[in-house]
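Student: Pasting the sequence and the predicted model now:
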2 protein chains.
Amino acid sequence: MADVLRVALAGLGTVGGGVAKLLAANAALIERRAGRRIAVVAVSARDRSRDRGFDLARLAWEDDSAALARREDVDVVVELVGGSDGPALTLARATIAAGKGLVTANKAMLAHHGLALARAAEQAGVPLKFEAAVAGGVPVVKALREGAAANRVARVYGILNGTCNFILSKMEAEGRDFAEVLAEAQTLGYAEADPGFDIDGVDAAHKLSLLASLAFGTRPAFDAVEAHGIRPVIAADIAEAAALGYRIRLVGTAELGPDGLFQGVHPCLVPLGHPLAHVAGSLNAVVADTDHAGRLLFQGAGAGEGPTASAVVADLIDIARGEYGAAFGIAADDLAEAAVAGSGERRARAYLRFAVEDRPGVLAEIAAAMRDAGVSIASLIQRGVPVGGGGVLVTIVTHEGPERCVAQALERLRGSQSLVGQPLWMPILE
Amino acid sequence: MADVLRVALAGLGTVGGGVAKLLAANAALIERRAGRRIAVVAVSARDRSRDRGFDLARLAWEDDSAALARREDVDVVVELVGGSDGPALTLARATIAAGKGLVTANKAMLAHHGLALARAAEQAGVPLKFEAAVAGGVPVVKALREGAAANRVARVYGILNGTCNFILSKMEAEGRDFAEVLAEAQTLGYAEADPGFDIDGVDAAHKLSLLASLAFGTRPAFDAVEAHGIRPVIAADIAEAAALGYRIRLVGTAELGPDGLFQGVHPCLVPLGHPLAHVAGSLNAVVADTDHAGRLLFQGAGAGEGPTASAVVADLIDIARGEYGAAFGIAADDLAEAAVAGSGERRARAYLRFAVEDRPGVLAEIAAAMRDAGVSIASLIQRGVPVGGGGVLVTIVTHEGPERCVAQALERLRGSQSLVGQPLWMPILE
């Protein structure tokens, strides 16, 4: 145990560089806590010559990241290459096959291949850890895997994508529209040039599938996540929601019920009294509703160099201490394969927003579609607010009812000449 | 590893009964997660005949809790006897001496004897775990010991006593005074018949000393905590704070700076924009300001049968998994002995409340005392609100400055004929 834990870093971008810098900056403290020194001995990245703010000279270099797995002077490989397949997956498999520990921040890879990798790691008797894959510096993987392990979890949900939360918070604070705020976020580096993974809910869905596995002891089931993003949200939605006492947040929700496992990512109306309504900017927050510990909330920075590096190094410290076990907290072969519960039978109140032609009969048409689909309207507001495309805004809040009825109502209105553009449906978080 | 983990429960009150019930209710799930069965095999409590809602018949009974430590059929003793010394400490020492694992919810014992017990446990090579000792079901011991282990923590603070938060929340919601709400809380079972440990800040101070040790790698130093409670807070303070944009919360704060370790428990003014302002009722919340992960927040139920049992069983699962190490995350002999930093040099804005005689010259006297002590007044409000004892209310908000100046000003006013009763000083959380 007194030996050095020898680490190879694959990927020296923001996170990889952050890990190297954190291990250097807090070396003495980390050694005290880990009970042994944790040292980077080898690295791999695309470009050897780039200045990364730390010295590569004393580290072994591999052009091919998979070569790190074959090095005899390495105990643990930290995979920060990214991407669900390709070099990241090749490296992960090679690392485990070589009997080395694997630490990764790669939610996409784990969402798709987590079960197989966990099984391989268990068979090889090596650690596979991924605290950085969900909610950045917030130790929520550990909280679910260990802290709440005595509980049956009914539901795990939260704000899992900092980019979306940054955009929604800024739209809210400044009354501006999505496209404008996205462009600014891209300029500031808070959103990628290709922002689809973030704003269409894919990244949140990756993370949600991992949280669900940890919370329920089920296999990661990314393909079963119903993912919606924030592109359709307009400034007027945020204003209407505020007038009703809500804020709009992109919420990923996983719930294990009698019908199976439901997993969905949606922009939601969050009541001001709920802690998620107060999660602003690029923060992440995860809530677990448990049978004994009650409602647990974990909140903090969900991305960025320091927070993600903090999570990676926490995993390394666990490994250095010898405090680790099955990746998802349960032997991979014992993770249950849950039936998929679709959103149809889920009961919620809902917010519906239409942009409509400003002429007689339009409200009657909408109201009739709701009635015919069995949707009970709690409030309907037409303020005469003009929206893009020449329509005016109509918002409806429904009484609680099954989501399939709302979907039917929207289906009935599809192609209606009264509507300008697509209606938007958002569930209301209770 | 496939063997049963055999547990003895010492104490069958709310928490002990909760642990037995939780282990039974979620037995299958816990076995999957722990990798082995966790079974209560022996118990000890004051009264064998009392109905506790679960069956004692198949469990070995010991009248003397320390006898549990000597049983050959026990692997881990769960100490839920309570009290910093006496039978709890005797049992804890005997358990470790017998080479068995110890799980405890006893913050008082750990605040006083945690270092010695941790050292003994390490020497004996047995686990000592205490997740339930701080913030009930919220896995904050684990979050600091492991999740944030890569970080230098600058400050750890939070709402650590659910009874006080329940009382303050209720005073706030209903505009009622302390004594009245306390009496109601006692009737409802939210406050003890002898509430001193809770409302005078002692319980929060116990917990704070443990958090500080985990966060900073220092020895638990309960005697160095400056503890103040909520008895002096009146309804008018809460109303004044609200008018200024604050809520009053009992906050424990530990901070490691160049002068040493400061630890204090105070009622504080918390700005509405801070997450602690939204922690209502009997919830607990802990914030850690870290150098890499940023600000982490953990929130949930801080007490009660289910949450506390959840934390105890999480410790048992860690032990069953073999995932445990030094109690405070660092070998006991390596925990640093920090110098004590008193509150005097701490800089904060402050809220001061006086009940004064309603006659000429009183404000001049107060203002002069502030000036002479070097306290800069940001606002002074006398609304003519009568308070108990025949005075009217004067509240001052100071500019940022050292606490010793405020203390000097209050010292200058001690015994003044202008004052009715004791003034109240509360720091403002920034």
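Tutor: All right, it came through fine. Residues are numbered from 1 along each chain as shown, chains lettered A, B, ... in the order given.

Student: Show the pLDDT at A:G401.
Tutor: The model reports A:G401 with a pLDDT of 95.

Student: What's the local residue count around it?
Tutor: 17 (other C-beta atoms under 10 Å in any protein chain shown). No exception for glycine: its C-beta is placed from N, CA and C like everyone else's.

Student: For it, list the residues it contacts.
Tutor: Neighbour list for A:G401: A:347-348, A:350, A:374-376 [criterion: C-beta atoms under 8 Å, 6 or more residues apart in numbering or on different chains].

Student: what do you get if the cut-off is 10 Å, keeping everything else the same?
Tutor: Counting by C-beta atoms under 10 Å, 6 or more residues apart in numbering or on different chains, A:G401 touches A:346-350, A:373-376.

Student: which residue ranges form the helices in the stretch 101-250 of chain A?
Tutor: Taking DSSP state H, counting those that start in this stretch, the helices of the stretch 101-250 of chain A run over residues A:107-124, A:140-142, A:162-174, A:178-188, A:196-199, A:202-216, A:235-244.

Student: In CSV: those helices, plus mean neighbour count.
Tutor: Formatted as CSV, the helices of the stretch 101-250 of chain A follow (neighbours: other C-beta atoms under 10 Å in any protein chain shown):
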stretch, mean neighbour count
helix A:107-124, 21
helix A:140-142, 29
helix A:162-174, 22
helix A:178-188, 15
helix A:196-199, 19
helix A:202-216, 28
helix A:235-244, 19
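
Student: so of the contacts of A:G401, which ones are in helices?
Tutor: A:A373 (DSSP state H).

Student: CSV for the contacts of A:G401, including distance to B:V356?
Tutor: As requested, these are exported to CSV (distance: C-beta to C-beta, whole Å):
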residue, distance to B:V356
A:R346, 59
A:R347, 57
A:A348, 54
A:R349, 52
A:A350, 56
A:A373, 66
A:G374, 65
A:V375, 61
A:S376, 58
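
Student: What's the ChimeraX syntax to select whichever of the contacts of A:G401 are buried?
Tutor: Written as a ChimeraX command, the selection of buried residues from the contacts of A:G401, which uses 16 or more other C-beta atoms under 10 Å in any protein chain shown, is:
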select /A:346,348,349,350,373,375
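
Student: and which of the contacts of A:G401 is nearest to A:R119?
Tutor: A:R346 (31.6 Å; C-beta to C-beta).

Student: what's the neighbour count on the spatially closest residue to that closest one that is not a sequence neighbour?
Tutor: Closest residue in space to A:R346, ignoring its immediate chain neighbours: A:E403 at 5.0 Å, by C-beta to C-beta, 6 or more residues apart in numbering or on different chains. Using other C-beta under 10 Å, A:E403 has 20 other residues around it.

Student: A:E403: what's it in contact with?
Tutor: Residues counted as contacts of A:E403 (C-beta under 10 Å, 6+ apart) are A:226, A:264, A:342-348, A:350, A:425, A:427.

Student: again, only this time at 6 Å
Tutor: A:343-344, A:346 (C-beta atoms under 6 Å, 6 or more residues apart in numbering or on different chains).

Student: Please apply the same query to A:D334.
Tutor: A:D334 is in contact with B:R32, counting by C-beta under 6 Å, 6+ apart.

Student: next one: the one 5 residues further on
Tutor: Contact analysis of A:A339 by C-beta under 6 Å, 6+ apart lists A:G260.

Student: interface residues of chain A facing chain B?
Tutor: Within chain A, the positions near chain B by C-beta under 6 Å from any C-beta of the partner chain are A:22, A:26, A:32-33, A:137, A:139, A:142-143, A:147, A:149-152, A:278, A:292-294, A:296-301, A:306-307, A:309-310, A:313-314, A:317, A:321, A:323, A:325, A:329-330, A:334.

Student: What is the burial count for the closest residue to A:G390 other than its chain neighbours?
Tutor: Computed as C-beta to C-beta, 6+ apart, the closest residue to A:G390 that is not its neighbour in sequence is A:V420, at 6.0 Å. Residues lying near A:V420 (other C-beta under 10 Å) number 18.

Student: repeat for A:P195
Tutor: 19.

Student: Going by distance to chain B, which of the contacts of A:G401 wins?
Tutor: Using C-beta to the nearest C-beta, A:R349 comes nearest to chain B of those, at 22.5 Å.

Student: My read is that the closest one contacts A:L429, right?
Tutor: No. The pair A:R349 / A:L429 is not scored as a contact, 9.3 Å apart, by C-beta atoms under 6 Å.

Student: Look up phi and psi at the residue nearest to A:G390.
Tutor: Phi and psi for A:V420, reported as degrees, to the nearest 10, are phi -110, psi 110.

Student: Pop the domain breakdown of chain A in here.
Tutor: A:5-137+A:307-334, A:143-301, A:347-427 (automatic domain parsing).

Student: residues touching A:E400, list them.
Tutor: With C-beta under 6 Å, 6+ apart, A:E400 has these contacts: A:347, A:349.
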